[in-house]
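Peer 1: no sequence for this one, just the structure:
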């Protein structure tokens, strides 16, 4: 038994007591400490070794305030001091003592007699993390037997993790674009010219946690298609879960869909062109707004079902007919004066953008996405995105 399946902000006293009652042993994802770490250099190095070993392997929880013998919990020993101050102290030490930084969240769980401190360390997809306190320069990993210092071969494996994920992500996108372009999407698309948005959690290629299918099947608002307020049709399929835009199931065509794959990857596809006077147009400003808003929404939806960051966001255009980029803002009466270049290829696959967490708001999301949006604008002949004001504010149109 462990606590990783429970969102950190939902852990309560009963969960802590269950660990003790069931004698849940320490594993590679959970470690108990009777007392918090002291202020000596030795204490500091032990703390950094504990949290970095979790980050460098599977992630996990460091639980302070439980007495254990040989890894078996025996009784709560609640922390009675300033828990906010203690959490801030430990988080500050982790930030200053490790390189690169790790993702660390904390919660003080109220229990009889005080608090149990739970430090949740996310599995890192940018390993290995080393201790830099006092020039220690040591690496730690973790197994079911506890933390250990990896050998050369194990370190090499840690160093190659991030490039391997990048290659897998790009390969996945390439294969999906080929299938969509050839008509092998999970639905029959109304338009052949489409925007394809992929949100790829770094955990997707080794994730073994099942999707909450029953919950998704009842929820028409999460993972809904681009351009819709909610899904008009939901379907569990071989690849995972499918949300569709057309309420008329007899019509058998879809303007847009979202396919949530079993590993947690999201594929959102939307009909692309707006046609004016018969001219196929790519409305760049609207596409930029769509990419930004829907990437943020889908990252939040993933977080809501327990598929954690980091996320890679990838946007692509499939352009079957020779179209033209247009840079007019919605409602601009002089739309024709903002024409850009014609499309010169059937596919535009823009560079990926990495998010360490789901963005807090549209401005933060757009700022991070700006290199991708610039690349989209440059494809149409502009030097950069026209959706940002001179002060850097992203124009949402609201």
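Peer 2: Thanks, I have it. No experiment lies behind these values; they were computed from the predicted model shown.
Peer 1: And the helices in the stretch 51-200 of the chain?
Peer 2: Here the stretch 51-200 of the chain has its helices, by DSSP state H, counting those that start in this stretch, at 83-97, 152-159, 161-181.
Peer 1: Now distance to residue 234, mean pLDDT and mean neighbour count too, for these, in CSV please.
Peer 2: Every C-beta, even on glycine, is put in place using the N, C-alpha and C of the backbone. CSV is the format used below for the helices of the stretch 51-200 of the chain (distance: least, Cβ to Cβ, whole Å; pLDDT from 0 to 100; neighbours: other Cβ atoms under 10 Å):
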stretch, distance to residue 234, mean pLDDT, mean neighbour count
helix 83-97, 40, 95, 16
helix 152-159, 40, 83, 12
helix 161-181, 20, 92, 16
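Peer 1: Quick one: closest of those to residue 338.
Peer 2: Comparison of those against residue 338 by Cβ to Cβ identifies helix 161-181 as nearest, at 27.8 Å.
Peer 1: Check which helices and strands the closest one is in contact with.
Peer 2: strand 194-201, strand 311-318, strand 347-349 (3 or more Cβ pairs under 8 Å, 6 or more residues apart in numbering; DSSP states H and E).
Peer 1: And the ones you listed: which comes nearest residue 211?
Peer 2: The minimum distance between residue 211 and the helices and strands packed on helix 161-181 falls on strand 194-201, with 12.0 Å, by Cβ to Cβ.
Peer 1: hmm, back to that, want to try TSV for the helices of the stretch 51-200 of the chain, with distance to residue 314 as columns?
Peer 2: Compiled in TSV, the helices of the stretch 51-200 of the chain are given as follows (distance: least, Cβ to Cβ, whole Å):
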stretch	distance to residue 314
helix 83-97	30
helix 152-159	24
helix 161-181	5
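Peer 1: quick one, which of those helices is nearest to residue 391?
Peer 2: Smallest distance to residue 391 across the helices of the stretch 51-200 of the chain (Cβ to Cβ): 30.2 Å, for helix 83-97.
Peer 1: Output the below-cut-off pLDDT ranges for the stretch 151-300 of the chain.
Peer 2: Confidence mapping of the stretch 151-300 of the chain against pLDDT under 70 gives the ranges 207-208, 247-250, 273-279.
Peer 1: And the strands in it?
Peer 2: Taking DSSP state E, counting those that start in this stretch as the criterion, the stretch 151-300 of the chain carries its strands at 194-201, 233-237, 240-244, 256-261, 266-271, 274-276, 279-283.
Peer 1: Map the structural domains onto the sequence of this structure.
Peer 2: Using automatic domain parsing, the domains assigned to the chain come out as 8-158, 161-379.
Peer 1: contacts for stretch 239-258?
Peer 2: By Cβ atoms under 8 Å, 6 or more residues apart in numbering, the list of residues contacting stretch 239-258 from outside reads 185-191, 211, 213, 216-217, 220, 223-228, 231-236, 259-262, 266-271, 298.
Peer 1: backbone phi and psi for residue 238, please?
Peer 2: Backbone torsions of residue 238, given as degrees, to the nearest 10, read phi -60, psi -40.
Peer 1: Tally up the residues packed near it, please.
Peer 2: By the criterion of other Cβ atoms under 10 Å, residue 238 has 7 neighbours.
Peer 1: which residues does it contact?
Peer 2: Residue 238 makes contact with no residue, according to Cβ under 8 Å, 6+ apart.
Peer 1: Residue 194 versus that one, what's the distance?
Peer 2: Between residue 238 and residue 194 the distance, using Cβ to Cβ, to the nearest Å, works out to 22 Å.
Peer 1: Mean neighbour count added to the strands of the stretch 151-300 of the chain, as JSON lines?
Peer 2: Output for the strands of the stretch 151-300 of the chain, formatted as JSON lines (neighbours: other Cβ atoms under 10 Å):
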{"stretch": "strand 194-201", "mean neighbour count": "25"}
{"stretch": "strand 233-237", "mean neighbour count": "15"}
{"stretch": "strand 240-244", "mean neighbour count": "23"}
{"stretch": "strand 256-261", "mean neighbour count": "24"}
{"stretch": "strand 266-271", "mean neighbour count": "25"}
{"stretch": "strand 274-276", "mean neighbour count": "12"}
{"stretch": "strand 279-283", "mean neighbour count": "20"}
